[in-house]
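Peer 1: Pasting the sequence and the predicted coordinates here, then a few questions.
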Amino acid sequence: MTQDYKDDSPTSTELDTNIEEVESTATLESELRQRKQTTETPASTPPPPPQQQQAHKKALKNGKRKRPFINVAPLNTPLAHRLETLAVVWHCVSIPFFMFLFLLTVSMGLLGWFFIILPYFIWWYGFDLHTPSNGKVVYRVRNSFKNFIIWDWFVKYFPIEVHKTVELDPTFSELPVEESGDSSDDDEQDLVSEHSRTLVDQIFKFFGLKKRLNDTSLGKPETFKNVPTGPRYIFGYHPHGVISMGAVGLFANNALRNEPYTPISKWLKPFFHDSSKGERLFPGIGNIFPLTLTTQFALPFYRDYLMALGITSASAKNIRSLINNGDNSVCLVVGGAQESLLNNMIAKHARVGYGYKESLDIHGDQSEEEEEEEDDTKQLENPSPKREVQLVLNKRKGFVKLAIELGNVSLVPIFAFGEADVYRLAQPAPGSFLYKFQQWMKATFQFTIPLFSARGVFIYDFGLLPFRNPINICVGRPVYIPHNVLQEYKQKHPEEFAEEEPASTPMKKSGSFTDMFKAGEKKPKTSSIKTKIPPALLDKYHKLYVDELKKVYEENKERFGYGDVELNIVE
């Protein structure tokens, strides 16, 4: 029986096919290696001509710039962000809001005039005309206003944070009445002396109302008493910025100071700042009154809103009265209106708002590659000026003079990193119409209108709301001025006080309705000698203040993005 044998070995044709497949695979692999090497190793071909480079750059630019013409706030913005924006909107429109409210009341006809306008103006010009400038603003402060929840949203918008270099000595300490050694009412530090009582003061006295800020409410027995243990403070805030947002966030409310407050009802707690979540920022320091221009208190309704927040006039008389009476301190934005025109945005980028995809470049909307190329070109052709923050301080010595005159006062320098970065500032060229208009306003009304812009409520590209750049407030070391420093200087240098400077005739203040009730009262004789502060003593403490301000700036500038920014005191 025969069996057929089947040969399974490949034929010559199949061998040729397999060899061709192997060769083609090897060829493909070698081509892939060459391509990979070509991509990894730059070709040594000459660069394309300039026209082709510009065309390629333009194509790149058009390809990357797929931004909408207007950046609108997205609909999915979190509620917390919207509430923060609402708080800042309220602060920015408070002046026009109260002006509109007043005009609306006027337009109500006889009903509005009889029940609102006439009683309000009788109260204003008859009893309350000089309250913002004579120290009686302490009667008008309302902790309910200062602790309202809207201020929590306000400080979180940027956000605003406070960094203390040292702990400040408390102005007073709370001691039991038995330990203080005095359980009687303390009348010697009342805001108004016995010789100048007005009808309002007599009403307070008739109803038994307490006048001291330290006094407790009438319904509770006084178990503790504030005993003076340290200095009062004059806080100097720098730089001014456009609206001094940081000063408002720190001193015009209690969101950062965390002062204790209990609403009249537990159901109202969600509407007020919860002070139990943190410690007091300045324990043992009483009310700190932010100072502003007296002209702000010429607006009806708005003046009452400012005084409820503790904002008062920056006049020397008002500062003396506040510091001399009670445990009060003040905050002064030293640079004033002149400084508000100096500092354009120092930061290179601005935080615009939620949903804004790329940070806003201060020098224009450019992609990062184009910005680097153009910056290099500008540095070669025309080097850009170095970044600096300008302060007006050398000629601002009035607050130091007041501190020497009062004694037992500490000057505290404060520098707010980011205050100048929340608005873009347009600076008109010297000699232009806008420049002359700003200078005329500053000379005539003691304030001016900076030309600024930032973002809007729903549109991110323009508007009057500030950017969300953080404001870091650094509180420096206090410069203490002893109580008897002027007397000691007089003893050492009597020759400088041989002839005291006679006091200039003060401007006669406008009369008020309550003056008729004081016609028969004997007013104490005022001295015709004006307190003279020696220039050497004034310059000494002013220099100490400037040195401490520079120190707090240098110690913190790297932390907050000001490493290459120079502090320049221009005048």
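Peer 2: Ah, there it is. Numbers count the residues shown, from 1 in each chain.
Peer 1: any idea how this structure splits into domains?
Peer 2: The domain map for the chain lists 142-169+231-287+327-367+385-498+526-569, 172-229, with the assignment taken from automatic domain parsing.
Peer 1: Without its sequence neighbours, what residue ends up closest to Val400?
Peer 2: Of all residues not flanking Val400 in the chain, His542 sits nearest, at 4.8 Å (Cβ to Cβ, 6 or more residues apart in numbering). Where you see a C-beta, it was placed from the backbone N, CA and C, and this is true even at glycine.
Peer 1: neighbours around that neighbour, how many?
Peer 2: 22 (other Cβ atoms under 10 Å).
Peer 1: which residues touch the helix or strand harbouring it?
Peer 2: Secondary structure from DSSP states H and E places His542 in helix 535-556. With contact meaning Cβ atoms under 8 Å, 6 or more residues apart in numbering, helix 535-556 is reached by 163, 165, 236, 238, 393-394, 397, 400-401, 403-404, 411, 413-415, 417, 472, 474-477, 479, 481, 485-486, 489, 562, 567, 569.
Peer 1: Please report how far Ile319 lies from Asn394.
Peer 2: Note on Ile319: its distance to Asn394, by Cβ to Cβ, to the nearest Å, is 21 Å.
Peer 1: neighbour-wise, which of these two wins?
Peer 2: Neighbours were counted for Ile319 and for Asn394 using other Cβ under 10 Å; Ile319 has more, 25 against 11.
Peer 1: CA atoms only: put the helix or strand hosting the more buried one into CSV for me.
Peer 2: Taking DSSP H and E as the criterion, Ile319 maps to helix 316-324. The C-alpha trace of helix 316-324 is given here as CSV (Å, rounded to 0.1, in the frame of the first residue of the first chain):
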residue,chain,number,x,y,z
ALA,A,316,-7.1,119.4,62.4
LYS,A,317,-9.8,120.5,64.8
ASN,A,318,-11.6,117.3,64.3
ILE,A,319,-8.5,115.1,64.8
ARG,A,320,-7.6,117.0,68.0
SER,A,321,-11.1,116.5,69.4
LEU,A,322,-11.3,112.8,68.5
ILE,A,323,-7.9,111.9,70.0
ASN,A,324,-8.2,114.1,73.1
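Peer 1: Rounded mean pLDDT for it, please.
Peer 2: Averaged over helix 316-324, pLDDT sits at 94.
Peer 1: Pull out the buried positions in that helix.
Peer 2: Going by neighbour count (16 or more other Cβ atoms under 10 Å), the buried part of helix 316-324 is 318-319, 321-323.
Peer 1: can you check stretch 564-571 too?
Peer 2: Within stretch 564-571, the residues that qualify as buried are 565, 567, 569, counting by 16+ other Cβ under 10 Å.
Peer 1: Show me where the stretch 401-550 of the chain dips below the pLDDT cut-off.
Peer 2: Residues of the stretch 401-550 of the chain meeting the criterion pLDDT under 70: 498-530.
Peer 1: repeat for the stretch 1-150 of the chain
Peer 2: For the stretch 1-150 of the chain, the ranges with pLDDT under 70 are 1-68.
Peer 1: where exactly do the helices run in it?
Peer 2: Assigned by DSSP state H, counting those that start in this stretch, the stretch 1-150 of the chain shows helices spanning 12-40, 50-64, 79-92, 94-106, 110-112, 118-127, 143-146, 150-157.
Peer 1: contact partners of the last one?
Peer 2: The reference is to helix 150-157. The contact list for helix 150-157 (Cβ under 8 Å, 6+ apart) reads 80, 83-88, 90-91, 248-249, 253-256, 273, 468.
Peer 1: which is the next helix or strand following that helix?
Peer 2: Per DSSP H and E, helix 150-157 leads on to strand 160-164 as the next helix or strand towards the C-terminus.
Peer 1: Just the mean pLDDT for that next one, thanks.
Peer 2: Across strand 160-164, pLDDT averages out at 97.
Peer 1: and what of stretch 170-186?
Peer 2: Stretch 170-186 shows a mean pLDDT of 65.
Peer 1: So which residues of the stretch 301-450 of the chain form helices?
Peer 2: Using DSSP H, counting those that start in this stretch, helices in the stretch 301-450 of the chain cover 302-308, 316-324, 336-339, 368-381, 398-406, 433-445.
Peer 1: Who are the packing partners of the first one?
Peer 2: Helices and strands touching helix 302-308, as assessed by 3 or more Cβ pairs under 8 Å, 6 or more residues apart in numbering; DSSP states H and E, comprise helix 94-106, helix 143-146.
Peer 1: OK, contacts around Ala347?
Peer 2: Counting by Cβ under 8 Å, 6+ apart, Ala347 has contacts 362, 418, 421, 469, 561.
Peer 1: Buried subset of these, written for PyMOL?
Peer 2: Listed next is the PyMOL selection for buried residues among the contacts of Ala347, using 16+ other Cβ under 10 Å:
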select buried, resi 418+421+469+561
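Peer 1: Just read off the phi/psi values of Asp169.
Peer 2: Note on Asp169: its backbone torsions stand at phi -60, psi 140 [degrees, to the nearest 10].
Peer 1: of the contacts of helix 150-157, buried ones?
Peer 2: Buried, going by 16+ other Cβ under 10 Å: 83-85, 87-88, 91, 248-249, 253-256, 273, 468, out of those.
Peer 1: Now the two most distant members of these.
Peer 2: Across the buried ones among the contacts of helix 150-157, the longest distance by Cβ to Cβ is 22.4 Å; it joins Asn254 and Arg468.
Peer 1: related to what we said a few turns ago, for Gly286, find the nearest of the helices of the stretch 301-450 of the chain.
Peer 2: Nearest to Gly286 among the helices of the stretch 301-450 of the chain is helix 316-324 (10.0 Å), distances taken as Cβ to Cβ.
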